[in-house]
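got a sequence here, can you model it:
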Amino acid sequence: MKKVLLVTDVNNLYFCVRKKFNDRRLDYRKLLEGACNKNEELYRAIAYGILTSDNLDKFIGMLRAVGFETRYKNDDPRRPMSCDVDMAMDVVQMLDSVDIVVFATSDADLEPCVNYVKSKGKEARAIASNVSRELRAAANHCREIPESWLLEAAEPVELHGDGDSDDFGSPTGRDTTNVGS
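Numbering: from 1, shown residues only. Below you'll find the predicted structure:
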């Protein structure tokens, strides 16, 4: 069975899904399920993000509850923040342990990492909404997030399968109701 590493840029997915699907949110459980095909197993799933406020505990807790390891860094107003280098370093470090790397992002900045994965004889896939032209061209396979992977507009996320649910809002912690496209 082939092993799959899923690296997810949560902030990027939030904004690209929101833009394409009119403020709807991704169901991260469905992303995990969709990362692997038949005869593949998930090796690790890592979600990367930027902490822009203090109210992300529930959202990060939900990511962990559905099966993601989380790697968030604190926002630094003195310089632009990105998870690209962290994602790329983890991919390079784990590449010998996997057969396939799935990049859940639309960010063209990861094109060099995708090309590196392929140069080592591994498969590189991209999953997102509005995947950049560069990432789409570099990946072995590219999949747009289907509408069936989204939560309903006001649908809360069930945490543990026991009816305990919560509405997690934005993974950035920002009020995005008036943010322009």
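
packing partners of the helix or strand hosting residue 59?
Under DSSP states H and E, the secondary-structure element containing residue 59 is helix 57-66. Contact here means 3 or more C-beta pairs under 8 Å, 6 or more residues apart in numbering; DSSP states H and E; on that basis helix 57-66 packs against helix 28-35, strand 69-74. Backbone N, C-alpha and C define where each C-beta goes, glycine included.

now do that helix against strand 69-74, angle only.
Our comparison of helix 57-66 with strand 69-74, counting by axes from the mean of the first three to the mean of the last three C-alpha atoms, to 10 degrees, yields an angle of 160 degrees.

still on that earlier bit, want to throw the helices and strands packed on helix 57-66 into a markdown table with distance to residue 44?
Supplementary listing: the helices and strands packed on helix 57-66 in a markdown table, determined by distance: least, C-beta to C-beta, whole Å:
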| stretch | distance to residue 44 |
| --- | --- |
| helix 28-35 | 11 |
| strand 69-74 | 7 |
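
closest to residue 42 out of those?
Closest to residue 42 of the helices and strands packed on helix 57-66 is helix 28-35 (C-beta to C-beta; 6.4 Å).

how far off strand 69-74 does the longest strand anywhere in the chain point, in degrees?
Longest among the strand segments of the chain by residue count, using DSSP state E, is strand 40-51. Angle of strand 40-51 versus strand 69-74, following the same axes, to 10 degrees, is 20 degrees.

which of the residues in strand 40-51 are buried?
Taking 16 or more other C-beta atoms under 10 Å as the basis for neighbour counts, the residues of strand 40-51 that come out buried are 40, 42, 43, 44, 45, 46, 47, 48, 49, 50, 51.

quick check: the gap between residue 72 and residue 58.
Plainly put, residue 72 is 13 Å away from residue 58 if you go by C-beta to C-beta, to the nearest Å.

over to residue 92?
The gap separating residue 92 from residue 58 is 32 Å, by C-beta to C-beta.

now for the longest strand of the chain, which elements pack on it?
strand 2-9, helix 10-20, helix 28-35, strand 69-74, helix 84-94.
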